[in-house]
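Participant: Need the 3D shape of this:
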Amino acid sequence: RLIWYALTKILDPKYLTWLGGVIQVLLLVASFAAPDDGTISIIWQIISFPLTPLGAAIVFLGASLSEGINKINGRFAAIALGILIFFSIPLSALWLISDADRAVRTAYENRAAVCGEVCPAGTIPAQGDLGDAAAIVVLGDSREIDRALTVSNTENPSEVSINTSLAPRLSYASILLQLARANGARPFVVGTAGVREREGEPESPQLTLIRGILANNGVNTADIRVERTGFNIRDTGEEVEDLLVDSEIIAPSGDRTERGSTANDPRVGIVAPALTMSRAALSFEKMNLEVIAKPTDFYSARFGSDGSLLRRLPDLLPSVDALQATTRYWNELLTSLYYFLRGWLPN
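Facilitator: Modelled structure (predicted):
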């Protein structure tokens with residue numbers, strides 16, 4: 001407030017508007033130049049807040065009060081109310097998210113149909129072909145694993161609350177590892193969370209906890225890799241590729257066989273929320289890494305019903321769960337646009 005007061009005394013208000021615009025443009029440029037920087041990511045969350053359903057509603061409500069509480073602009077208030085109602089109705093959430101939940105399966109079916117006409121026998125991509133898996137990657141976020149840490153910051157997984165969305169994903173990865181071994185593969189499990197640590201720093205409690213959850217689910221410590229691979233899936237793909245190349249499981253990118261062949265190009269299993277899976281799979285395949293998609297966290301399942309009219313009536317009532325789901329959908333849409341502009345997704 002003090003800085004803003006000083007600026008209003010020094011600069012004309014119209015120049016402050018231009019200054020704000022210039023700062024936002026510079027931040028956007030910085031997000032492209034240094035996408036892994038934690039500060040840039042936090043600032044982007046702040047400046048993109050008005051683009052979210054809740055943020056847009058607050059902006060319009062604020063605009064409706066710009067002339068005082070006794071002179072409310074009804075048009076802006078109505079827009080804010082409409083945004084909140086639409087994005088918090090379960091049926092709206094189901095409509096927006098159901099296509100995203102089905103996108104990965106549809107993509108695999110379409111690709112298999114096209115490949116079936118031109119690919120050699122036995123090399124047609126399959127969604128669940130775990131016998132070709134060289135790694136199983138569990139995509140996480142530092143905020144998810146932070147919720148699993150107790151106040152005492154203990155490193156014993158048996159004493160830590162792991163009731164987060166990341167814990168079931170890690171458990172699911174351990175099941176996929178067993179299935180892969182049953183099909184003759186020997187993949188390792190890669191757990192990811194948070195941003196890169198500075199060189200020489202000890203492993204954080206978050207990563208120790210990930211190791212503990214996997215070990216408690218029967219994964220041998222020799223088969224566990226835990227990485228802090230930044231705020232973007234692109235970094236995760238690069239780290240996984242480096243691990244596979246260093247382990248001599250796959251050849252370097254330039255020496256690898258053409259896509260579709262499994263001779264020396266093992267696939268990477270990805271365990272990630274269904275809403276994120278399309279971006280994750282496309283990002284990995286942009287780097288010439290074949291993907292086995294194993295989506296989780298199907299948000300559309302929260303809003304399903306038996307189809308009877310009486311049971312569908314509550315789906316017309318706004319809910320916090322629906323607003324949270326549509327906000328995640330909108331954030332994923334913005335992030336996918338950013339990935340596309342960065343050239344991290346196929347054209």
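
Participant: For the stretch 201-347 of the chain, just list every one of the helices.
Facilitator: 205-216, 233-246, 274-286, 309-312, 320-342 (DSSP state H, counting those that start in this stretch).

Participant: tell me the angle the third one makes with helix 320-342.
Facilitator: Relative orientation of helix 274-286 versus helix 320-342 (axes from the mean of the first three to the mean of the last three CA atoms, to 10 degrees): 20 degrees.

Participant: Which elements pack onto helix 274-286?
Facilitator: For helix 274-286, the packing partners by 3 or more CB pairs under 8 Å, 6 or more residues apart in numbering; DSSP states H and E come out as helix 90-118, helix 233-246, strand 267-273, strand 291-296, helix 320-342. Heads up, the C-betas are built off the backbone N, CA and C, glycines and all.

Participant: can you list contacts of the third one?
Facilitator: Pointing back at strand 267-273 there. Contacts with strand 267-273, where a contact means CB atoms under 8 Å, 6 or more residues apart in numbering, come from 129-130, 132-139, 165, 169, 172-173, 176, 180, 187, 240, 244, 277, 280-281, 284, 289-297, 299.

Participant: Least reliable of the helices and strands packed on helix 274-286 by average pLDDT, please.
Facilitator: Of all those, the minimum mean pLDDT falls on helix 90-118 (a mean of 72).

Participant: after it comes which helix or strand?
Facilitator: strand 133-138 (DSSP states H and E).

Participant: And the average pLDDT for that following strand is what?
Facilitator: Strand 133-138 carries an average pLDDT of 90.

Participant: Would you mark the buried spots in it?
Facilitator: Within strand 133-138, the residues scored as buried using 16 or more other CB atoms under 10 Å are A133, A134, A135, I136, V137, V138.

Participant: What strands line up against that strand, and which way round?
Facilitator: strand 188-192 (parallel), strand 267-273 (parallel) (DSSP bridges).

Participant: which stretch among those comes nearest I233?
Facilitator: strand 267-273 (8.1 Å; CB to CB).

Participant: Next, the angle strand 291-296 makes with the closest one.
Facilitator: Using the same axes, to 10 degrees: strand 267-273 against strand 291-296 is 20 degrees.

Participant: Dump strand 267-273 to CSV, keeping only the CA atoms.
Facilitator: In CSV, the C-alpha atoms belonging to strand 267-273 read as follows (Å, rounded to 0.1, in the frame of the first residue of the first chain):
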residue,chain,number,x,y,z
ARG,A,267,7.7,-47.2,-23.7
VAL,A,268,7.2,-44.9,-20.7
GLY,A,269,4.2,-45.4,-18.5
ILE,A,270,2.7,-42.2,-17.2
VAL,A,271,0.4,-42.1,-14.1
ALA,A,272,-1.2,-38.7,-13.9
PRO,A,273,-4.7,-37.1,-13.5
